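Colleague: using only what follows, build the 3D model:
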Amino acid sequence: MFGFTQRGMIGIVLMIVGTVAFFPAVFPGTTRIVGMLPLVAAALLTLGTYLVGTDMEGRPV
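Modeller: Residues are numbered from 1 along each chain as shown. Alright, predicted model coming up:
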């Protein structure tokens, strides 16, 4: 789909999950555990971006 391999599709899913994981932390009254969720979200976004960027042949984006 869209010229991506399975690796690229996993990267897209990780990017979507990472983006959604930021939302609970922006609401007031979050607990400390929910406050740590952006760290996990940032890691998922980074890994997803890497997988999508290195999925195609040639120079990584």
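Colleague: state the distance from the closest residue to residue 18 other than its chain neighbours to residue 22.
Modeller: Distances taken as CB to CB, 6 or more residues apart in numbering place residue 44 nearest to residue 18, at 3.3 Å, with adjacent residues excluded. The C-beta positions use only the backbone N, C-alpha and C, and glycine is treated the same way. Look at residue 44 and residue 22: by CB to CB, to the nearest Å, they are 10 Å apart.
Colleague: with neighbour numbers in mind, choose between those two.
Modeller: Just comparing residue 44 and residue 22: by other CB atoms under 10 Å the higher neighbour count belongs to residue 44, 20 against 15.
Colleague: from what I can see residue 10 touches residue 52, true?
Modeller: No: in this structure, residue 10 is not within contact of residue 52 by CB atoms under 8 Å, at 9.0 Å.
Colleague: tell me which of the two has more neighbours.
Modeller: Using other CB under 10 Å as the criterion, residue 10 and residue 52 rank with residue 52 on top: 20 against 16.
Colleague: for that one, which non-adjacent residue is closest in space?
Modeller: Setting aside the residues directly before and after it, residue 52 is nearest to residue 11 in space (CB to CB, 6+ apart), at 3.9 Å.
Colleague: next: residue 24.
Modeller: Nearest to residue 24 is residue 34, by CB to CB, 6+ apart, at 5.1 Å.
Colleague: could you count how many residues lie near that neighbour?
Modeller: Neighbourhood size, residue 34 [other CB under 10 Å]: 12.
Colleague: so it, which of the three states?
Modeller: Using DSSP: H, G, I helix; E, B strand; the rest coil, the three-state assignment for residue 34 comes out as helix.
Colleague: list the contacts of the least confident helix or strand in the chain by mean pLDDT.
Modeller: Counting by mean pLDDT, DSSP states H and E, the weakest-scoring helix or strand in the chain turns out to be helix 32-35, with a mean of 75. Where contact means CB atoms under 8 Å, 6 or more residues apart in numbering, the residues beyond helix 32-35 that reach it are 24, 25.
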